[in-house]
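S.K.: I would like to see how this sequence folds:
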Amino acid sequence: MRDLFRKFAGSVSRWTGSPNAFILAVLILIIWGITGPLFKFSDSWQLVINTGTTIVTFLMVFLIQNTQDRETRAINLKLDELLRAIKTARNDMIDMENVSDEELEEIEDQFHDLTKQLRNKNGQKNRSPRK
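M.R.: Below you'll find the model as predicted:
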């Protein structure tokens, strides 16, 4: 079941990000707009587009989240493998997605300090760290 959902979510996510899906959405809106005078711009006419977009949005949130989570996990694993394979890399960086926010900020500050040192060494202007 999980594999079937993974394949379905990936396929739908790729298709909805395509130009064809965008064109279809625009065509649906045009057809809906053209039918407005036919239905005298009634509440029911408006309810059709509101309900349709709400349902599609609700379902797409889950499909996109599934696809994004899967891609993020894959990228993290690839980065972990690179860190493991490179002798001079800090292996404590592996599995960083599971540390606390405070630990992430501490390591981020270390990299900001390192960047400042490298810029000073190279005679470049310092940029203040993002916060």
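S.K.: just for the protein, where's the confidence low?
M.R.: The model of the chain has pLDDT under 70 over residues 124-131.
S.K.: ok, which stretches of it are helices?
M.R.: 2-16, 19-34, 43-85, 101-122 (DSSP state H).
S.K.: Mind checking the ones you listed for the one nearest to residue 95?
M.R.: helix 43-85 (6.5 Å; CB to CB). Every residue, glycine included, has its C-beta placed from N, CA and C.
S.K.: Next, the angle from that closest one to helix 19-34.
M.R.: Angle of helix 43-85 versus helix 19-34, following axes from the mean of the first three to the mean of the last three CA atoms, to 10 degrees, is 160 degrees.
S.K.: if we can go back for a sec, can the helices of the chain go into TSV with extra columns for distance to residue 93 and mean neighbour count?
M.R.: Formatted as TSV, the helices of the chain follow (distance: least, CB to CB, whole Å; neighbours: other CB atoms under 10 Å):
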stretch	distance to residue 93	mean neighbour count
helix 2-16	28	13
helix 19-34	38	11
helix 43-85	5	12
helix 101-122	8	11
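S.K.: Turn these into a markdown table, columns for distance to residue 95.
M.R.: As requested, these are exported to a markdown table (distance: least, CB to CB, whole Å):
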| stretch | distance to residue 95 |
| --- | --- |
| helix 2-16 | 23 |
| helix 19-34 | 36 |
| helix 43-85 | 6 |
| helix 101-122 | 11 |
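S.K.: Would you mind saying which of those lies nearest residue 94?
M.R.: helix 43-85 (4.6 Å).
S.K.: List the contacts of the nearest residue to residue 36 once chain neighbours are set aside.
M.R.: Computed as CB to CB, 6 or more residues apart in numbering, the closest residue to residue 36 that is not its neighbour in sequence is residue 45, at 6.2 Å. Residues in contact with residue 45 (CB atoms under 8 Å, 6 or more residues apart in numbering) are 32, 35, 36, 39.
S.K.: now the first one, nearest residue through space, not along the chain?
M.R.: In space, and not counting its chain neighbours, residue 32 is closest to residue 49: 5.2 Å by CB to CB, 6+ apart.
S.K.: how close does that neighbour get to residue 92?
M.R.: 52 Å (CB to CB, to the nearest Å).
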